[in-house]
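A.B. asks: Whatever this is, show me its structure:
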Amino acid sequence: MQVHVRPYEARDLDPIVDLSLRAWVPVYESFARVLGPEVFQRQYPDWRTSQRDEVVAACTEGKAHVWVAESGAEVVGFVAVVLEPEGGAGAVELLAVDPACQGQEVGTTLTEFATTWMKEAGVTLASIWTGGDPGHAPARRTYEKAGYTALPLVRYYKAL
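C.D. replies: Numbers count the residues shown, from 1 in each chain. Just a heads-up that it's a prediction; the model follows:
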């Protein structure tokens, strides 16, 4: 798949939100299996709304630098990067690829683009956070392929 990465434009918001929500369905299904229904409902009572709000904020509030991946004229993915105020660190805050285009190097292209951009911006330490559950396995493979080192963290939940 031929992909072109370009800066985000306001017209991209709806396609980005749509593809993101579709891309994160397997992640939240994985969370539901791992956490069980009682904890999942408490932690993520309306994940679609919270994820939508997070994507909209990243694209519109000016804190993140956002780019989209296009194939032809179709938006097939996006990445949002936040730089720390001190300038030495940066993070990929959000990255999503349309499910129809996953496994076709779109995520790798966006990860490498964001990493290169951060380096050119003077960042000396880049980070990406993702889950350790089965639903995030493709993301982990992409980030490791791009040279990121995983630091396993564990978060525990309990319904009360």
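
A.B. asks: helix/strand/coil for the spatially most central residue of the chain?
C.D. replies: Residue closest to the mean C-alpha point of the chain, counted by C-alpha atoms, centre = their mean, is residue 95 at 2.3 Å. Three-state call for residue 95 (DSSP: H, G, I helix; E, B strand; the rest coil): strand.

A.B. asks: if I read this right, it contacts residue 111, doesn't it?
C.D. replies: Yes: counting by C-beta atoms under 8 Å, residue 95 sits close enough to residue 111 to count as a contact (6.8 Å). Yep, even glycine has a C-beta here, placed from its N, CA and C like the rest.

A.B. asks: Which neighbours do those two have in common?
C.D. replies: 79, 128 (C-beta atoms under 8 Å, 6 or more residues apart in numbering).

A.B. asks: just to revisit the earlier point, please tell me how far the residue nearest to the centre of the chain sits from residue 154.
C.D. replies: The spacing between residue 95 and residue 154, counted by C-beta to C-beta, to the nearest Å, is 22 Å.

A.B. asks: hmm, back to that, quick check, pLDDT for the closest residue to the residue nearest to the centre of the chain other than its chain neighbours.
C.D. replies: Leaving aside its sequence neighbours, residue 95 sits nearest to residue 79 (C-beta to C-beta, 6 or more residues apart in numbering; 4.6 Å). Note on residue 79: pLDDT of 98.

A.B. asks: helices or strands next to the host helix or strand of residue 79 in the packing?
C.D. replies: Using DSSP states H and E, residue 79 falls within strand 74-83. The contact analysis (3 or more C-beta pairs under 8 Å, 6 or more residues apart in numbering; DSSP states H and E) places strand 74-83 against helix 13-23, helix 47-60, strand 65-71, strand 89-97, helix 106-120.

A.B. asks: who does the longest one touch, helix- and strand-wise?
C.D. replies: The one in question is helix 106-120. With 3+ C-beta pairs under 8 Å, 6+ apart as the test, helix 106-120 has strand 4-7, strand 65-71, strand 74-83, strand 89-97, strand 125-128, helix 137-145 packed against it.

A.B. asks: Out of those, which gets nearest to residue 16?
C.D. replies: strand 74-83 (4.8 Å; C-beta to C-beta).

A.B. asks: Give me the contacts around the closest one.
C.D. replies: 1, 3, 8, 12, 15-16, 19-20, 58-59, 63-70, 89-98, 100-101, 106-107, 110-111, 113-114, 117-118, 121, 123.
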